[in-house]
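K.L.:
Mind looking at a prediction? Sequence and model below.
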Amino acid sequence: MSAKSRFSFIDPAKSPFFYGYVILAVGTLGIYASIPGQTIGVSVFTDPVKDALGLSRNQFSNAYMIGTIGSSLVIGRAGIWFDKYGARYVAFFAALVLAAALMLCSWSVQMSAFAKQMLDSSSWLIPFTLMTVLFFTLRFSGQGVLTMASRNVIMIWFDKNRGKVNAISSVAISFGFSSSPLWVNALIEGYTWQSAWQILAGGLLVISFFILQFFKNRPEEHGLLPDGENVEEENETKIVPLAKQYTLVEAKRTRAFWMYGLILAFNSFFITGLTFHVVSVFASEGFPKADAIAIFLPTSVVAVSISLVFNYLSDYLRLKWYLYLMILGGIMASVGFLFLSSNVGIPLLVGGFGIMSGFFAVLNAIAWPRFYGRNHLGAITGKIMSFLILASALAPPIFSFCFSTFGSYRLLGYLGLAFLLFLALASVKANNPQ
């Protein structure tokens, strides 16, 4: 059995339809399986776990931040693994590591008590250090490696129809992620937080088996072509030159890499910071908690609509237009953030928030293979992922520092506008390197 089919009973060449659609389904499942390592999956456990470990909210949040920053510093290595070993093995081992991390999280109280006994100490630093290491593992394997490998494998199996399939995947993931706090919380309330993490670990073990069976690295390894094109016809009629396959070093020399990477990082920073402190942000402008929470539903509707329409159109339109539309969404959100108490504040914030989120789902998947080819996609997206994770880790403490120092969050709105105006000017020449 060849290396590309080892431990798998599935042969894509024998599929009655293009196997890329199977990749679309299992790749989306892989992204969905990363939820326990995403902020939206971890946040539900915050209160019961910190109380059980005897940590304050700040201590628990700082452990999460440090673990996330640590993950951002090494995620680029996982991109190199992706290029070297392929999506199949990388995603499989990421799922296994995430499952193991979840099991260890479920035993965190026992491990903390054992360490305290061994060290003859009751210091809060013991559970703090333990959770920092566990959060690093969760974020690296879940938010980082499993997400990157699952998204990239979909992009590799499609070319001309990349936008269309990403539209399907993005909508499914949006609804899946938005509903996850409900069923994760139901697990916690029904079975305790320890059992909830153990159930999630068991689910990941099952998903890791599906990944090993159904993930296939590249269509060419199985005598196929992206989008299901006919090999013979492709060989006979191909007149379009092959795209240049950029290495990470070459990609970093292009302006597009930095401009697209920075707007995606800004999205992660702004949305993570706002989501983390949304009740406080609205309270500082005189709004009740209910009004703060209410922004997420209309924002999701805008984001899903933008993602669905513009993913589909991305097969026909220049992505530079998308870049500027995303910058426009950021400007709208920043203005709404600054004038939240006015009549137009919340509509601008919701609209801008949704526009940014929608275009993030498009550009973060579509831009990199289109601009830089598929051969070094792991290294390139791994570096971009490090930007996103670092931005999301820094956002909550920076938002908190701004409020505690100046008594208001508005300074962040002005800084956001200045940064976005810089991006708008610097992106004039951020063209597709191809």
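P.N.:
Great, that's in hand. Numbering: from 1, shown residues only.
K.L.:
pretty sure I188 contacts F45?
P.N.:
Yes - counting by Cβ atoms under 8 Å, I188 touches F45, with 7.1 Å between them. To be clear about C-beta, it is placed using only N, CA and C from the backbone, and glycine gets the same treatment.
K.L.:
Overlap in contacts, those two.
P.N.:
Contact criterion Cβ atoms under 8 Å, 6 or more residues apart in numbering; residues shared by I188 and F45: A196.
K.L.:
how many other residues sit next to F158?
P.N.:
23 (other Cβ atoms under 10 Å).
K.L.:
Just the pLDDT at it, thanks.
P.N.:
Model confidence at F158, expressed as pLDDT, equals 91.
K.L.:
Dihedrals phi and psi, it?
P.N.:
phi -130, psi 150 (degrees, to the nearest 10).
K.L.:
Show the contacting residues for it.
P.N.:
By Cβ under 8 Å, 6+ apart, the residues touching F158 are G20, L24, K164, V165, P226, D227.
K.L.:
Could you chop this structure up by domain?
P.N.:
Listed by automatic domain parsing, the domain ranges of the chain are 14-237, 248-429.
K.L.:
Need those domains in TSV (columns: distance to R6).
P.N.:
As requested, these are arranged in TSV below (distance: least, Cβ to Cβ, whole Å):
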stretch	distance to R6
domain 14-237	9
domain 248-429	20
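K.L.:
so how far is the host helix or strand of A94 off the chain centroid?
P.N.:
Assigned by DSSP states H and E, A94 belongs to helix 87-106. Its chain's C-alpha centre and that of helix 87-106 lie 16 Å apart, by Cα atoms, centre = their mean, to the nearest Å.
K.L.:
So which elements touch it?
P.N.:
With contacts defined as 3 or more Cβ pairs under 8 Å, 6 or more residues apart in numbering; DSSP states H and E, helix 87-106 has these neighbours: helix 20-33, helix 57-85, helix 125-138, helix 147-157, helix 162-214.
K.L.:
Any buried residues in that helix, and which?
P.N.:
For helix 87-106, the neighbour count (16 or more other Cβ atoms under 10 Å) marks 87-99, 101-106 as buried.
K.L.:
Quick check: next helix or strand after that helix?
P.N.:
helix 108-119.
K.L.:
could you give me the average pLDDT of that next one?
P.N.:
For helix 108-119, the mean pLDDT works out to 94.
K.L.:
Which other helices and strands does it contact?
P.N.:
Using 3+ Cβ pairs under 8 Å, 6+ apart: helix 108-119 touches helix 46-53, helix 125-138.
K.L.:
cutoff 10 Å now
P.N.:
When contacts are defined as 3 or more Cβ pairs under 10 Å, 6 or more residues apart in numbering; DSSP states H and E, helix 108-119 sits against helix 46-53, helix 125-138, helix 162-214.
K.L.:
quick check: angle from the first one to helix 162-214?
P.N.:
For helix 46-53 against helix 162-214, the angle between stretch directions is 40 degrees (axes from the mean of the first three to the mean of the last three Cα atoms, to 10 degrees).
K.L.:
list the contacts for L262?
P.N.:
The neighbours of L262, taking Cβ atoms under 10 Å, 6 or more residues apart in numbering as the test, are F387, A391, F419, L420, F422, L423, A426, S427, A430.
K.L.:
now S195
P.N.:
S106, L187, I188.
K.L.:
Name the nearest of these relative to F175.
P.N.:
Closest approach to F175 among the contacts of S195 (Cβ to Cβ): L187, at 18.6 Å.
K.L.:
Neighbours of the nearest residue to that closest one once chain neighbours are set aside, how many?
P.N.:
Once flanking residues are discounted, L187 sits nearest to A196: 3.9 Å by Cβ to Cβ, 6 or more residues apart in numbering. By other Cβ under 10 Å, 25 other residues sit near A196.
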